[in-house]
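A.B. asks: below are the sequence and a predicted model for it; my questions follow.
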Amino acid sequence: MYTPPHFREDDPAALRAIIRAARLATLVTMGEGGLTATPLPLLAEEGPEGLRLIGHLARANPQWRGFDPAIPALALFQGPEAYVSPSWYATKAETHKVVPTWNYVAVHAYGRLEVVEEPDALHAIVSRLTDHHESGRATPWAVTDAPPDFIRAQLKGIVGVVLHVDRLEGKRKLSQNRNEADRAGVRQGLSASADPRDRAVGEMV
């Protein structure tokens, strides 16, 4: 990911927070057929060997069979993002030498991809993902709420994936390259938007 120094995010805690806040990732692998990408939720877990990301793919998805294990896999996490109008810049009134841009937060995670087919390990991955996403509900659903034979049948249709992360790249492009008056205009413009995604970026600028 191209990251000029003023947009680079290197703090491990901040990078992990961005990953955990992202609702959906994109898993990218390389194989004989070229690049393959699948959108999927990935859960970040810390272990003795460091950060790992767990999830699952449909067994019918050729990605889990076709990737080259010698080439690192890549998980893309997109944080808040928004269009930035040049009309918000104070510089526009002074010189008119301004153009539109896009503000965003992103993390790229690289590492070794492991495929999990063993039923108990796969059941554990699905359970942890479910518990994570159900945790905020008044009456959370659990995998154990469904009949065991039904769950066993469902597990036959998927494979687990674990990305053992060895490198993180982070970027916060939030108008750091503009002067304070321009940044104030961006904050004001985004904060006035009816779109909550824009307002979220405005709070970060």
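C.D. replies: Arrived safely. Residues are numbered from 1 along each chain as shown.

A.B. asks: phi, psi for the spatially most central residue of the chain please.
C.D. replies: Centroid check for the chain by CA atoms, centre = their mean gives Phe77 as the closest residue, at 1.9 Å. Main-chain torsions, Phe77, degrees, to the nearest 10: phi -120, psi 120.

A.B. asks: could you pull out the helices for this structure?
C.D. replies: Per DSSP state H, the chain carries helices over the ranges 12-21, 63-66, 90-95, 119-134, 148-155, 180-191, 196-204.

A.B. asks: make TSV out of these and add distance to Lys173.
C.D. replies: C-beta here means a position set from N, CA and C on the backbone, and glycine is covered the same way. Formatted as TSV, the helices of the chain follow (distance: least, CB to CB, whole Å):
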stretch	distance to Lys173
helix 12-21	13
helix 63-66	29
helix 90-95	18
helix 119-134	28
helix 148-155	40
helix 180-191	12
helix 196-204	10
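
A.B. asks: what about the protein, any weak spots by pLDDT?
C.D. replies: The model of the chain has no residue with pLDDT under 70.

A.B. asks: ok, the nearest residue to Gly185 once chain neighbours are set aside to Pro100 distance?
C.D. replies: Leaving out its chain neighbours, the residue that sits closest to Gly185 by CB to CB, 6 or more residues apart in numbering is Trp88, at 4.0 Å. Going from Trp88 to Pro100 by CB to CB, to the nearest Å gives 10 Å.

A.B. asks: who's more crowded, the two?
C.D. replies: Set side by side, Trp88 and Pro100 show more neighbours around Trp88, with 22 against 10, by other CB atoms under 10 Å.

A.B. asks: many thanks, we can stop here.
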